[in-house]
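In: I need the structure of the sequence given here:
(one chain, ligands or ions: 1)
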Amino acid sequence: MTKQELEKRLIEIRRHLHQHPELSKEEFETTKSITGWLLEKDIEIRQTSLPTGVFAEIKGGKPGPTIAIRADIDALPIQEQTGLPFASLAEGKMHACGHDFHTAALIGAAYLLKEEEEQLTGTVRFLFQPAEESGAGAEKVINDGQLEGVDAIIGLHNKPDLPVGTVGLKDGPLMAAVDRFKVVVKGVGGHAGLPQKGHDPIAAAAQLVTALQTIVSRDTSPLENAVVSVTKITGGNSWNIIPEDVTLEGTVRTFDSAVRQHVKERFYQISEYISQAFQVESAVKWYAGPPPLVNDPVITDITRAAARSLRLTVVNPERSTAGEDFSYFLHQIPGSFAFFGTNGAEDWHHPSFTVDETALIKAAYYLFNSGKELLKHVQVREGVLG
Ligand code: NI
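Out: Numbering: from 1, shown residues only. From the prediction side, this is the model:
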């Protein structure tokens, strides 16, 4: 297959996925399609107990480490507004985060690696991971044993604000830990004209929203980063009644596990003591999402060299306060996650989100080349059978 033929094929694959988006945990047709495309080239499919997602492997002709390359495959509950001729055919569903691009790029890398199978010095495993958007997919893949024996892992995400031909590679934290909270402030309601007879949860909740902002401004080092956003307040249903309770919801984003833990502790303390001061009770529910995504500098350097040898422009990208469940893999083994330039007008999760398809063949080659370089340079981890 020439480079031009491969590019044409990958664009077809990406457009097919784009027309048929499936939400997290429902990627059944996507799973069938990916399996078919891999089997076309005799790429070995691995056993899995997961209902969606595809795991495959190419064993090189020579011994060496095992490395994994991951793409996410799910779409979002968004009505597409791009007007593209290959726009989504599924009502209210869209590949608005470009996971169709990631999947097609990884198929391209698998095709290229298959052609050089005999020369490869180790094993390359391909993880077509389901349910990234719901945040639950990566852990399921790990529990399914797909990371067993893997010495290093890489992946990428398209980045609309980076130009095509650019790859953003960063040592250390790249994307945020995502935590979610819900606080129910319970007071004593009553007549709006007789506030002294109750304990107003609205007044208490308003103080709480203000006080929570001091976690970032007063409790977090100015050299660290954190976000505390209260994004939803519900309470009350009439102008002349003090309600019984108010519910606050929102999210916390951090890039460091110690900062993450400290923000959580202060959140609970402030909620408790503000509530005491206002004679109300508050119950905090904390939903921990993916940890911060932290790139290994050695693996990142190998991918930098692989990118430069393809004449891609390597930049040091800004960190993103979005989350990415690739971080769970990096919690287990060293690896690196890249931002890949795709020149989009809109950011992720927008109904008019697009990617420039000329980036697709570049992404396939980036993963291919990085995979080969990793096989040459990654050490087999101690106690791990390659
Ligand atoms: Ni995404």
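In: V228 versus the closest residue to D356 other than its chain neighbours, what's the distance?
Out: In this structure, D356 finds its nearest non-sequential neighbour in N343, 4.1 Å apart by CB to CB, 6 or more residues apart in numbering. Glycine gets a C-beta too; all of them are placed from N, C-alpha and C. Going from N343 to V228 by CB to CB, to the nearest Å gives 33 Å.
In: neighbour-wise, which of the two wins?
Out: Shown here are N343 and V228; by other CB atoms under 10 Å, V228 has more neighbours (23 against 18).
In: quickly find the element holding the more buried one.
Out: For V228, the element it lies in under DSSP states H and E is strand 226-235.
In: how about R15?
Out: R15 is part of helix 3-19, with elements assigned from DSSP H and E.
In: that helix: how far from the chain's middle?
Out: 23 Å (CA atoms, centre = their mean, to the nearest Å).
In: need the contact partners of it.
Out: Applying CB atoms under 8 Å, 6 or more residues apart in numbering, the external contacts of helix 3-19 come out as 1, 30, 33, 37, 73, 84, 86-89, 95, 100-101, 103-105, 107-108, 111-112, 357, 360-361, 364.
In: what does stretch 317-325 give?
Out: 132, 135-139, 157, 159, 162, 168-170, 173-178, 225, 227, 253, 255, 289-290, 293, 337, 339, 348.
In: okay, and which of those map to strands?
Out: When DSSP state E defines the strands, the subset of the contacts of stretch 317-325 inside them is 157, 159, 168, 173-175, 177-178, 227, 253, 293, 337, 339.
In: who wins on neighbours among those?
Out: Highest count within these by other CB under 10 Å belongs to L293, 30 neighbours.
In: these two touch, right, that residue and L330?
Out: Yes - in this structure, L293 is within contact of L330 by CB atoms under 8 Å, at 6.2 Å.
In: touching both of the two, which residues are there?
Out: Jointly contacting L293 and L330 under the rule CB under 8 Å, 6+ apart are F337.
In: for I142, helix, strand, or coil?
Out: For I142, the secondary-structure state derived from DSSP: H, G, I helix; E, B strand; the rest coil is helix.
In: and it, what does it touch?
Out: Counted by CB under 8 Å, 6+ apart, I142 has contacts Y328, F329, Q332.
In: of these, closest to Q146?
Out: F329 (9.6 Å; CB to CB).
In: in a helix, that's where that closest one is, yeah?
Out: Yes - read with three-state DSSP, F329 is one of the residues of a helix.
In: tell me the SS of the residue most central in space within the chain?
Out: Using CA atoms, centre = their mean, the residue of the chain that lies closest to the mean C-alpha position is E324, 1.9 Å off. Assigned by three-state DSSP, the conformation of E324 is coil.
In: that one and L367, how far apart?
Out: 16 Å.
In: care to break this structure down by domain?
Out: The chain is divided into the following domains under automatic domain parsing: 3-174+292-377, 177-288.
In: most packed of those domains?
Out: domain 3-174+292-377 (a mean of 20; mean count of other CB atoms under 10 Å).
In: quick check: mean pLDDT across that domain?
Out: Averaged across domain 3-174+292-377, pLDDT comes to 98.
In: which residues sit against stretch 165-173?
Out: Stretch 165-173 is contacted from outside by 156, 159, 162, 255-256, 292-297, 300, 303-304, 307, 311-317, 319, 336, 338-341, 359, 362, 366, using CB under 8 Å, 6+ apart.
In: now do the same contact list for A307.
Out: When contacts are counted by CB under 8 Å, 6+ apart, A307 touches V167, L169, V314, A338, Y366, N369, S370.
In: thanks a lot, see you next time.
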